[in-house]
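Student: task: produce atomic coordinates for the following.
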Amino acid sequence: MAEILYLIKIVVLVLVIVVPLLVAVAYLTYAERKVIGAMQLRQGPMTVGPFGLLQPLADGAKLFLKETVIPTGANKVVFIVAPMVTFILAMIGWAVIPFADGLVLADINVGVLYLFAVSSLGVYGIIMAGWASNSRYAFLGALRSSAQMVSYEIAIGLIIINVLIMSGSLNLSEIVRAQTGLWYVIPQFPMFILFIISMLAETNRHPFDLPEDEATLVTGYNVEYSSMAFALFFLGEYANMILMSGICSVLFLGGWLPPFGFFPFTLIPGPIWFILKICFVLFIFIWARATLPRYRYDQLMRLGWKVFLPFSLAWVVVTSGVLVAFDLLPK
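Tutor: Residues are numbered from 1 along each chain as shown. You can find the predicted model right below:
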């Protein structure tokens, strides 16, 4: 009986995380179109519902009702499984993200390693889609994406090492608690900037959306997808954006902690602060798409290997040296 109750509790917690996340993904698409519309002096979605608020539901219904077309030369099983892999991996990363003190599905001591594992697996869904589609454009997009994600994962790993050195823990809740009084965005501001840029590359977002380059690849690895298979890729991409924003908030912006610890801010619950910080990072995603030109592929790879990698590696040495020199290592 106890095992059944425990299983029910886990299922309820998963639904409490996944259902709002799916709603957030749907309305992130709406927010993106409205914000970019405002930046380009136009209205964005306005027709479906008041102020266009029902547009995400209309888009979802349209994709759900469309026919799933599988190319004749495609590997059908891999073709169908690929978007599922991308979407599922975007969901399971949330298992270790703390929303507040004690409010986390799995408070494991290797949460950062878990996130590394999940993010490194994300490339498989895209590779599977590009290969199984039996299309040159899709395959080229998948190759671009795999090279891009692997390149910037190395920089992200070195950036996160700086946070781990300062906090002395791989547990995400402990990393947030270590930022009480001083968020890591202040002493690690250069790494925060590098992490934001690396997030854009890791999630294949503008200005690093080379795997989906419309001008040369006709939307890249998902060119042969339609209906709900395409929707799963779409949901996976936006869910990854929210996940990376959550990771950024935990590592650099103090997670659920209020700014400065002043009295008016402490009245607002921790989960609200966490959501607000995620929205701030998501705004940077949208802002970049609205304003920046797309990089060339050689520029993208040069930035990752010749700028980010040596700089983040040097910053690990600087962080370690300062902590040892001033006896600031976590006890």
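Student: which secondary element of the protein has the worst mean pLDDT?
Tutor: Least confident helix or strand, the chain: helix 214-217 with a mean of 59, by mean pLDDT, DSSP states H and E.
Student: for this protein, which helix is longest?
Tutor: Taking DSSP state H as the criterion, the chain has its longest helix at helix 2-39.
Student: buried residues in it?
Tutor: Neighbour-count burial for helix 2-39 flags 17, 21, 24-37 (criterion: 16 or more other Cβ atoms under 10 Å). The way it works is simple: take the backbone N, C-alpha and C, and place the C-beta from them, glycine included.
Student: now, the most widely separated pair of those residues?
Tutor: Longest distance between any two of the buried residues of helix 2-39 is 30.2 Å, between I17 and G37; criterion Cβ to Cβ.
Student: quick revisit: how far off centre is whichever helix or strand comes after the least confident helix or strand of the chain?
Tutor: Where DSSP states H and E defines the elements, the next helix or strand beyond helix 214-217 is helix 227-252. Mean C-alpha position of helix 227-252 versus that of the full chain (Cα atoms, centre = their mean, to the nearest Å) differs by 5 Å.
Student: and helix 227-252, what does it pack against?
Tutor: Judged by 3 or more Cβ pairs under 8 Å, 6 or more residues apart in numbering; DSSP states H and E, helix 227-252 is in contact with helix 2-39, helix 55-65, helix 76-92, helix 111-132, helix 136-167, helix 172-177, helix 189-202, helix 270-291.
Student: out of the ones you listed, which is closest to E237?
Tutor: Nearest of the helices and strands packed on helix 227-252 (Cβ to Cβ): helix 76-92, 7.9 Å.
Student: just want the angle from the closest one to helix 227-252.
Tutor: Interaxial angle of helix 76-92 relative to helix 227-252 (axes from the mean of the first three to the mean of the last three Cα atoms, to 10 degrees): 30 degrees.
Student: not counting its own residues, what contacts helix 76-92?
Tutor: Contact partners of helix 76-92, identified using Cβ atoms under 8 Å, 6 or more residues apart in numbering, comprise 18, 21, 70-71, 118, 121-122, 124-126, 128-129, 131-133, 222, 224-225, 229-230, 232-233, 235-237, 239-240, 243.
Student: hang on, the earlier thing: mind putting the helices and strands packed on helix 227-252 into TSV with distance to P259 and mean pLDDT?
Tutor: Listed next are the helices and strands packed on helix 227-252 as TSV, based on distance: least, Cβ to Cβ, whole Å; pLDDT from 0 to 100:
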stretch	distance to P259	mean pLDDT
helix 2-39	23	88
helix 55-65	31	89
helix 76-92	29	89
helix 111-132	23	88
helix 136-167	18	87
helix 172-177	13	92
helix 189-202	15	92
helix 270-291	8	92
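Student: closest to S312 out of those?
Tutor: Proximity to S312 (Cβ to Cβ) singles out helix 136-167 among those, at 3.9 Å.
Student: looking at the helices and strands packed on helix 227-252, which is nearest to P330?
Tutor: Nearest to P330, of all the helices and strands packed on helix 227-252, is helix 136-167, at 6.3 Å by Cβ to Cβ.
Student: which parts of the closest one are buried?
Tutor: Applying a neighbour-count criterion of 16+ other Cβ under 10 Å, one finds 137-149, 151-156, 158-167 buried in helix 136-167.
Student: now stretch 291-300
Tutor: R294, Y295, Y297, L300.
Student: could you do stretch 296-316 as well?
Tutor: Neighbour counts using 16+ other Cβ under 10 Å place Y297, L300, M301, L303, G304, F308, L309, S312, W315, V316 of stretch 296-316 among the buried residues.
Student: the nearest residue to the last one once chain neighbours are set aside and M191, how far apart?
Tutor: With Cβ to Cβ, 6 or more residues apart in numbering as the criterion, V316 has its nearest non-adjacent residue at 5.4 Å, and that residue is I161. Distance check for I161 against M191: by Cβ to Cβ, to the nearest Å, it reads 9 Å.
Student: only whichever of the contacts of helix 76-92 are buried, select them in ChimeraX.
Tutor: Selecting only the buried entries of these in ChimeraX, with 16+ other Cβ under 10 Å as the criterion:
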select :21,70,71,118,122,125,126,128,129,131,132,133,222,224,225,229,230,232,233,235,236,237,239,240,243
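Student: hmm, back to that, so of the buried residues of stretch 296-316, which ones are in helices?
Tutor: Those of the buried residues of stretch 296-316 mapping onto helices are Y297, L300, M301, L309, S312, W315, V316, per DSSP H.
Student: burial measure for the residue nearest to the first one when sequence neighbours are not counted, as a count.
Tutor: Looking back up the chat, that one is Y297. Spatial nearest neighbour of Y297, excluding adjacent residues (Cβ to Cβ, 6+ apart): L210 at 5.2 Å. Neighbour count for L210, taken as other Cβ atoms under 10 Å: 25.
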